[in-house]
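Student: Give me the fold of what follows.
(chains A and B)
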There are 2 protein chains.
Amino acid sequence: MSNYNPPLRDMQFIIEEWLEAPLDWAGWERHSDLDAELARQVLDEAGKFARNELAPLNARGDAEGCRFDNGTVTTPTGFAQSYSRYVESGWPSLCCAEEDGGQGLPQLLNVALLEMLASANHAWAMYPGIAQGAYECLSELAEPWLKERYLPLIVSGEALATMCITEPQAGSDIGLIRMRAEPEPGGSYRLDGNKIFISGGEQDMTGNILHLVLARLPDAPPGSRGLSLFLVPKWLEQDGEREHNGVHCTGIEHKMGIRGSATCSLSFEGATGWLVGEPHTGLKAMFVMMNSARLHVGLQGLGHAEKALQAATGYAAERRQMRAVSRPAGVEPATVDPIGYHAPVRHTLLELRAVTEGMRALGYWTAHMLDAMHQAGEGMDAPLKQRVALLTPVIKAFFSEQGFSLSSKSLQMFGGYGYMNEYGIEQTLRDSRIVMIYEGTNEIQANDLLRKVLADGGQGLRELLALVRDEGRCLASSFPAYADRLDTLCDAQDEVMGMLVDHQDAEYPYRAAGNFLRLTGLLLLAYTWARTVPKCVDRKDAFYREKLDTADFFFNYLLPEYRYRVDLIKAAASPMPFVGPEER
Amino acid sequence: MSNYNPPLRDMQFIIEEWLEAPLDWAGWERHSDLDAELARQVLDEAGKFARNELAPLNARGDAEGCRFDNGTVTTPTGFAQSYSRYVESGWPSLCCAEEDGGQGLPQLLNVALLEMLASANHAWAMYPGIAQGAYECLSELAEPWLKERYLPLIVSGEALATMCITEPQAGSDIGLIRMRAEPEPGGSYRLDGNKIFISGGEQDMTGNILHLVLARLPDAPPGSRGLSLFLVPKWLEQDGEREHNGVHCTGIEHKMGIRGSATCSLSFEGATGWLVGEPHTGLKAMFVMMNSARLHVGLQGLGHAEKALQAATGYAAERRQMRAVSRPAGVEPATVDPIGYHAPVRHTLLELRAVTEGMRALGYWTAHMLDAMHQAGEGMDAPLKQRVALLTPVIKAFFSEQGFSLSSKSLQMFGGYGYMNEYGIEQTLRDSRIVMIYEGTNEIQANDLLRKVLADGGQGLRELLALVRDEGRCLASSFPAYADRLDTLCDAQDEVMGMLVDHQDAEYPYRAAGNFLRLTGLLLLAYTWARTVPKCVDRKDAFYREKLDTADFFFNYLLPEYRYRVDLIKAAASPMPFVGPEER
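Tutor: Prediction:
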């Protein structure tokens, strides 16, 4: 039995009507044979896999967790079998280039796939989670022989990849990484050191595991500019013989959530690896992976929000408690109403929809920009690249925060039942919490956005504001109240951005960064709803009517948060004291 | 090894300097032999019990959970032994009346005890959690023979009590309760039906368990006005013989948190019980219990916040990552600083302190009012009673929301480590989540506050506002910025209260209720900090300096939330659509 229904109708709306992606595909060489129909088929298949194959394993995977025994990891019942079917269906190759044996489909379809995997079974989705990033990183930076040997394994799904960054003393501060890499005769390197928190660092799904490892060459300068990236396979192959490389899993973590995902400690003892990219450019190489990883991680937040929305919607319709103060038009008064009629529950349902569907539009829009960049090619893609660079930290942090807070709001609707394992929503809440932390904590994302805004004096963000203002203008005659709010919001964001750019107090922008990111997230949600409204007016279907209702709720009930964020950004001009761990 | 240090210094500050409780005690007949010194001794002992006895069992209790086997429940290792020591030390009798064999100490000391128990081990604290409420309920409403038989068991701790309200179909809507009670010859009643979510419904700590059960007499009107309260002991005693009553535990829940607390399903099959209070007044009787339970549950939120604060403070001082933009005066620049210097972490630490210490003042103030009411006696206590009635839902909902959100903020500071069981903060987050739900969901609390405000046209709340304005006036010369903010806040709250009172749209107040409660919570926090400041100026000790720094942070960084809540209350004037579970 599955408790997840892929939101195919909304995906279709966003892809076909909101983005009008098929029109773009038709004009793009890479995707000229892709049309709306084929895209629907792909997503329909992906939805079936998520709903029928992964969702039923989710609760059990949480209950069982992974087992660690003497260096080996056993994933929960059914996880490895599902991965085999994932591979058989060709999902790993979805948007790998055709010349690498991939299907060459756009990122846009990939993000829809990833959203569904995350909704259905976040823990399982961790295993193939980094594959696309590793593919992009290797195909861009690895030497031809390395690509030839390892890319096909990733494209086929025969091998999975990991990203080995964190060490006990080096979390957010990757400049503190100590892992050593010494050149060996023959062009390889010998790696020694310890990594922690490596998702899928060991598993029982694939024959080989390709570790992408940040390490320090002997002549490396200190800090993050002295890091290099290495490919270190779990198994070395030579002349058809397989030999275990010097990488060992020394344990797995016991975690709050995603308990079916093996979070491993890895020990590298004289492991053989190969440099990916130039020496001391590991940070840059990692960011080739990291940027797509951050978008994908944001989509996990979306996946949790969608799951929470579905759980809440179902329960609100079915559970009856107390007489409601008001009811939908045409519904007869009753002694006991569905809880979905009560004001606070209705608020939760509408907030879940407004934020989830807005985030979906935003995430898919970003993926479509990545496809457009790819089409435009090196050099011609600068404006889009700048926009995606701004959007990436917002998507990672804002989506993950929403995924967690919406899961909690959905759980609340269930009352005591929400706290029980049986109803599943408490797992969603636990699983969703990690997303605010990994792939760079949300505080790191806020600083990333800030640096990007300060770097060009706010120019890039002002272009985003111009897009929002354009949408506002389109609404001026039919929805003047929305148009006004968008304008006020843009003015306010422009104003506080000016304060950040012209700061005198060196710490001020850092005190304001978190709220500035949140404000930007709200701005972007507002953009998606402003762009949604004109596509839904004068449509009869309930789907469009509910979109308009949801938009109305967004503008009236959720958008007021922007003024709070602006107030907090201004408030951060006050000095912030230091308090020590005194006796209390 | 304990990871909890009772905040005795802050408790002492609030009791002795902020409330000046010892001055009141000296003038109160009941407590005239209690002084600051004795109170300190009591809290010191309570702190030792919480730190040395309960805190070390907390993680293990979570990992083990409770075991259910054929009607019996086994609590985690050490829980039952700790309860014996709790009883030996006389803690159950702390504020029971001396004529009932209690120590007759004030509620003020009891809330400090309860805060510490919740911080140290929330799951364990659930078992004696309802004892005080049951004591008050029975001593106020039970017939003399019933009191004589059962009160001493509660006072001594020999028996524990439960509150049996929820049934599968009757959660927030207790009017849907079906449990039947039929009169039997001899004045007893025969109870039949099923209850769920009963904390401590079965356990291995006490010889007897006293269930306080809401049920329906044969002639009962429908709805919540047809409920009566019954005492149903697990064991019946007659002529020195013990006989099992017809109450059976049919299972325990698997939960997100407080896993060491047994959440039981109970089946009553011809169980013998006795009426407590008049027929059909079960709702009123339950509220005798519930009001103190809601204050106590609020204190669990405080307990979690304190635990989260301690965890964060310790980690922030010890963990070093990256160079900070600014440092405390006199600290030499370093390559890698304690994370406590970084702006977002400092914000978290200050928020944890400002909210936790403010909530402590607020909760203890309320308990002290209960003691004052008791001293004033029936009829003379009306103004305080009204104030406590307003404060109770705010304390329950606001504290529990803060307990959860502050735990999450504390966890975030730990990065990946925060997500791992080992560091304990993820358990605090999980445990804290239930507090927003039980003893009436936070939505129920918001409606409760609303009804109380509407009932007297806002008069009672206006008296609270007058108190806040008074504190503001005291600050006008030395801290004019704080005074201004308090004044604006009071004006704003007065304005939106007027909107709620004069509403035309019947649903409007319900759409605004949640934010109105939150606004009231902020107002009360502001009150506590306004009242704290004058007590700390011109004091040399670091403790007072940090209080002033924390107050400053509160007024600059946290208080701006009030305008957001006011905006949302105004925004709720817009209609809120109904959205159905359409295909998406």
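Student: what about the helices in the stretch 451-584 of chain A?
Tutor: Per DSSP state H, counting those that start in this stretch, the stretch 451-584 of chain A has helices spanning A:459-475, A:480-501, A:508-536, A:542-553, A:561-571. These are given in chain order.
Student: hey, which of these is tucked in deepest?
Tutor: A comparison of these by mean neighbour count, using mean count of other C-beta atoms under 10 Å in any protein chain shown, puts helix A:508-536 on top with a mean of 23. All C-beta spots, glycine's among them, are computed from the backbone N, C-alpha and C.
Student: Show me what that one is packed up against.
Tutor: Packing contacts for helix A:508-536, counted by 3 or more C-beta pairs under 8 Å, 6 or more residues apart in numbering or on different chains; DSSP states H and E, involve helix A:343-376, helix A:382-413, helix A:442-455, helix A:459-475, helix A:480-501, helix A:542-553, helix A:561-571, helix B:343-376.
Student: That one versus helix A:480-501: what angle between them?
Tutor: With axes from the mean of the first three to the mean of the last three C-alpha atoms, to 10 degrees as the criterion, the two stretches helix A:508-536 and helix A:480-501 enclose an angle of 160 degrees.
Student: what inclination does helix A:508-536 have with respect to helix A:459-475?
Tutor: Using the same axes, to 10 degrees: helix A:508-536 against helix A:459-475 is 30 degrees.
Student: A:G157: what's it in contact with?
Tutor: By C-beta atoms under 8 Å, 6 or more residues apart in numbering or on different chains, the contact list for A:G157 reads A:83, A:86-87, A:91-93, A:128, A:131, A:206.
Student: Which of those residues fall in helices?
Tutor: Counting by DSSP state H, the members of those that fall within helices are A:83, A:86-87, A:131.
Student: contacts with chain B among those, please.
Tutor: Residues of those in contact with chain B (C-beta under 8 Å from any C-beta of the partner chain): none.
Student: for these, which one is nearest chain B?
Tutor: Comparing the ones in helices among the contacts of A:G157 against chain B with C-beta to the nearest C-beta picks out A:A131 as the nearest, at 21.2 Å.
Student: Which pLDDT does the model give the closest one?
Tutor: Per-residue confidence for A:A131 comes out at a pLDDT of 94.
Student: can you pull the contacts of it?
Tutor: Contacts of A:A131 (C-beta under 8 Å, 6+ apart): A:92, A:154, A:157, A:160-161.
Student: Please give me every residue in contact with A:R327.
Tutor: Under the criterion of C-beta under 8 Å, 6+ apart, the contact partners of A:R327 comprise A:333, A:337, A:341, B:578.
Student: what ranges of the stretch 101-250 of chain A fall below the confidence cut-off?
Tutor: For the stretch 101-250 of chain A, no stretch has pLDDT under 70.
Student: What residue in it comes nearest to chain B?
Tutor: A:D173 (3.9 Å).
Student: Might one say that that residue is in contact with B:A324?
Tutor: No - using C-beta atoms under 8 Å, A:D173 and B:A324 do not qualify as a contacting pair, with a distance of 11.3 Å.
Student: Counting neighbours, go ahead and name the busier of the two.
Tutor: When A:D173 and B:A324 are compared for neighbours, B:A324 comes out ahead with 23 against 20, by other C-beta atoms under 10 Å in any protein chain shown.
Student: list the contacts for that one?
Tutor: Contact criterion C-beta under 8 Å, 6+ apart gives B:337, B:341-342 as the residues in contact with B:A324.
Student: My reading is that it is in a helix; is that accurate?
Tutor: No - membership of B:A324 in a helix is not supported by DSSP: H, G, I helix; E, B strand; the rest coil, which gives coil.
Student: Would you mind giving the ones in helices among the contacts of A:G157 as a markdown table with distance to B:P393 added?
Tutor: As requested, those are arranged in a markdown table below (distance: C-beta to C-beta, whole Å):
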| residue | distance to B:P393 |
| --- | --- |
| A:Y83 | 50 |
| A:Y86 | 50 |
| A:V87 | 55 |
| A:A131 | 50 |
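Student: Can you flag the buried ones in those?
Tutor: When neighbours are counted using 16 or more other C-beta atoms under 10 Å in any protein chain shown, these contain these buried positions: A:83, A:86-87, A:131.
Student: Kindly report the residues of the stretch 351-500 of chain A close to chain B.
Tutor: Applying the criterion C-beta under 8 Å from any C-beta, the portion of the stretch 351-500 of chain A that neighbours chain B consists of A:353, A:404, A:408, A:411-412, A:415-422, A:426, A:429-430, A:433-434, A:436-438, A:441-443, A:446.
Student: picking up where we left off before, show me which of the ones in helices among the contacts of A:G157 is closest to B:A506.
Tutor: Distance ranking of the ones in helices among the contacts of A:G157 against B:A506, using C-beta to C-beta, places A:Y86 first at 52.8 Å.
Student: what sits against the closest one?
Tutor: Contact analysis of A:Y86 by C-beta under 8 Å, 6+ apart lists A:49, A:53, A:92, A:128, A:157.
Student: quick one: it from B:F578, how far?
Tutor: A:Y86 sits 39 Å away from B:F578, going by C-beta to C-beta, to the nearest Å.
Student: Grab the nearest non-local neighbour of A:G457.
Tutor: Closest residue to A:G457 in three dimensions, ignoring its sequence neighbours and counting by C-beta to C-beta, 6 or more residues apart in numbering or on different chains: A:V501, at 5.5 Å.
Student: re the thing from before, return the item of the ones in helices among the contacts of A:G157 having minimum pLDDT.
Tutor: Of all those, the one the model is least sure of by pLDDT is A:A131, with 94.
Student: And that residue, how close does it get to A:C95?
Tutor: 11 Å.
Student: can you check A:F404 too?
Tutor: Counting by C-beta to C-beta, the gap between A:F404 and A:C95 amounts to 28 Å.
Student: could I get the helices and strands packed on helix A:508-536 as JSON lines with distance to A:L191 and mean pLDDT?
Tutor: Shown next, in JSON lines, are these (distance: least, C-beta to C-beta, whole Å; pLDDT from 0 to 100):
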{"stretch": "helix A:343-376", "distance to A:L191": "32", "mean pLDDT": "97"}
{"stretch": "helix A:382-413", "distance to A:L191": "29", "mean pLDDT": "97"}
{"stretch": "helix A:442-455", "distance to A:L191": "25", "mean pLDDT": "97"}
{"stretch": "helix A:459-475", "distance to A:L191": "38", "mean pLDDT": "96"}
{"stretch": "helix A:480-501", "distance to A:L191": "41", "mean pLDDT": "96"}
{"stretch": "helix A:542-553", "distance to A:L191": "51", "mean pLDDT": "96"}
{"stretch": "helix A:561-571", "distance to A:L191": "44", "mean pLDDT": "98"}
{"stretch": "helix B:343-376", "distance to A:L191": "32", "mean pLDDT": "97"}
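Student: Just put those in TSV and tack on distance to A:S139.
Tutor: Shown next, in TSV, are the helices and strands packed on helix A:508-536 (distance: least, C-beta to C-beta, whole Å):
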stretch	distance to A:S139
helix A:343-376	12
helix A:382-413	18
helix A:442-455	24
helix A:459-475	27
helix A:480-501	36
helix A:542-553	39
helix A:561-571	39
helix B:343-376	36
